[in-house]
Structures are given as C-alpha cells and as structure tokens.
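S.K.: 3D model of this:
(chains A and B)
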Amino acid sequence: MKVLIRLYPRAWRARYGDELASLVAAERPTLRLALDLIAGAIDARVNRQPLPGDAGSSDHRGVAMRQAILHCEPVHVTRAESLRSAAVMIGATVLLAGVSLALKSWFGKTPLVEAFMTSTFPLAFLVGVSGTYFKPYTRSARAIIIGTVALLVFLISLTAAMVN
Amino acid sequence: MRITRGDAKKRAADELDDFGRFGEPALLILVSLAGGPKHGYAMTEDIAAVADARLGPGTLYGALTRLEARGLIERLEADDRRNPYRLTALGERALRARLASIQAVARIGQRRLADA
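M.R.: As a prediction, the model looks like this:
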C-alpha cells in the first residue's frame, strides 16, 4: 500500500511522506484505503498547496503573493470561477463552431476557413481559462496572451491547410 | 477602513471556506487539535472517537496540508517519524467562529423543529 505514496508529488513527499507512510502502515490494507490514497495524490497534484518552508515563509498570504507574482503555480480558483470558466468555454466552442459552419457554407472549404475551424477549440479553451489559470494577469496581459496564442495557432493551421 | 469585531469574526470563519470536500475533515482536525497537539495517527483515533468518522490517510493529509498552508495549524518537532501538529492562534479563532456559526444554525433548526 505504501507504494501508492509515490503517486504524490516529490516536494509533498519530502514534507509529509514519512508521516503518511507511518499512518498507512497502521491501517488495514483495503480497497477503500487505496482509493483514498489515490484520490489524495491526485488532489495533491491538482490543487497544490504552498508548502511551508519552500517559500522561506510560513505565511500563506506571502506564499500566495509569491505565486501570483511569479505565475509559477496556479492561484486559488473558487468554485464559481471554475463554473463560469466551463460555461464560457462551452459557449465559445458552440459559438465558434457555428461561425465556422457559416463560413464554410458561404466560402466553401478554403485554407482560411479550414484554419479558422482548426483554431476554434484552442481559442475557446483560452477564452474559457482566462478567468482561472490567467487570473493573476491583468486584463490587457490576458488579451495579449490569448491574442498571440490564437494568432500562432491560426497561422500554423493555415500553413498546414495550405500544404495539404 | 475600520474593521469591526463582526468583520474579524467573519474573516476568521472565512479561513475555513473553499476547502471543498476537505471542509468537514478540516473542521474535525481543528476540533481534535483543540484538545492539544497530536500527530496523524492520534488525530485519526481522536476523530473516530469524537465524531464516529474514520478519516482515511489521504483525506486527513489533504485537509492537513490546506490547514497548514493557511496558517491555521503548525507542525512541531518530529517525535520519532511522526510530526505532531498544533492549533495556531488564527486556527483557534477560525474554529471558534465556525463552531459559533454551526451552533447558531443548530439553535434555529431546533427551535423550528420544536415549533413545527
């Protein structure tokens, strides 16, 4: 059962690994225990908590500020923001798919239309996550990131469509 | 801006928000540590005795890491391979505020049931 502790991130194991191992050793090995450890490891990877000591400070607000400044880890995202992000992503996907179909029916299957169709989902994804993963950035910085990535994806898709 | 006692209380209670599925385990850990510093195993046993709920190690540490990251609990020097944890002043305030809010809800619920 202890092998499942390896699923946790290395930095997490460095701090809590021994404690968790001694706790797991005291438990009866059951499927429930295995699932609990797997779920815990997924949570530790997905929702990384600032580890005291890494940041040189145990003040979580200081750690959160450092993350926001360095953008090296996702900042805290509320449930409402996650739901809004998912709704925006779905809405943008449907809208852009509709625009793609309209463009295809008007202009036919040209490389420009094909490139637009290929870029729709990455663009919808970027717009969707702008309120979550891009949360620490200013509105103009988000616009620049989304615009630049969308343009690059479009140009790559256009090149691919023209080569085909 | 003037911060009233009510604001401070609300802020302390807010410290336990956004724990998601770890909200209840986090509250149980704080209650357990209110009785004195404990390591993981002792917390699990204490919570099982107090709340009749056995927290899995993954759940316990999911809640514990969040509490430590928010400064509500702190780790003490290792005792063997096990590190005890204790409640911080902020953790104590957050626990008091949360228990007061639970108590208020329970009081209203009981009063309504009595009137029904």
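
S.K.: B:I108 and B:L99, how far apart?
M.R.: Distance, B:I108 to B:L99, using C-beta to C-beta, to the nearest Å: 15 Å. (C-beta placed from N, C-alpha, C; glycine too.)

S.K.: counting neighbours, go ahead and name the busier of those two.
M.R.: In this comparison of B:I108 against B:L99, neighbours counted by other C-beta atoms under 10 Å in any protein chain shown, the higher total goes to B:L99 at 15 against 10.

S.K.: which pLDDT value goes with that one?
M.R.: According to the model's per-residue confidence, B:L99 sits at a pLDDT of 93.

S.K.: where does pLDDT dip in the chain?
M.R.: No chain specified, so I'll use chain A. Of all residues in chain A, those with pLDDT under 70 make up the ranges A:53-77, A:136, A:164.

S.K.: wait, chain B was what I had in mind.
M.R.: B:1-14, B:79.

S.K.: try it again at 80.
M.R.: Of all residues in chain B, those with pLDDT under 80 make up the ranges B:1-18, B:20, B:78-82.

S.K.: what does it put close to chain A?
M.R.: The interface of chain B toward chain A, taken as C-beta under 8 Å from any C-beta of the partner chain, is made up of B:18, B:20, B:39-41, B:44, B:56-62, B:64-66, B:68-71, B:74-75, B:80-83.

S.K.: can you do 6 Å?
M.R.: Counting by C-beta under 6 Å from any C-beta of the partner chain, chain B comes close to chain A at B:40-41, B:56-59, B:61-62, B:65-66, B:69-71, B:81-83.

S.K.: just the buried positions in whichever strand or helix holds A:S157, please.
M.R.: Of the helices and strands defined by DSSP states H and E, A:S157 is found in helix A:139-163. Neighbour-count burial for helix A:139-163 flags A:R142, A:I146, A:A150, A:V153, A:F154, A:S157, A:L158, A:A161 (criterion: 16 or more other C-beta atoms under 10 Å in any protein chain shown).

S.K.: quick check: B:R98 vs chain A, distance?
M.R.: Noted for B:R98: a distance of 18 Å to chain A, by C-beta to the nearest C-beta, to the nearest Å.

S.K.: what's near enough to touch A:V113?
M.R.: A:V113 makes contact with A:L103, A:K104, A:F107 under the criterion C-beta atoms under 6 Å, 6 or more residues apart in numbering or on different chains.

S.K.: excluding residues flanking it in the chain, which one is nearest it?
M.R.: What sits nearest to A:V113 in space, not counting adjacent residues and going by C-beta to C-beta, 6 or more residues apart in numbering or on different chains, is A:L103, at 4.9 Å.
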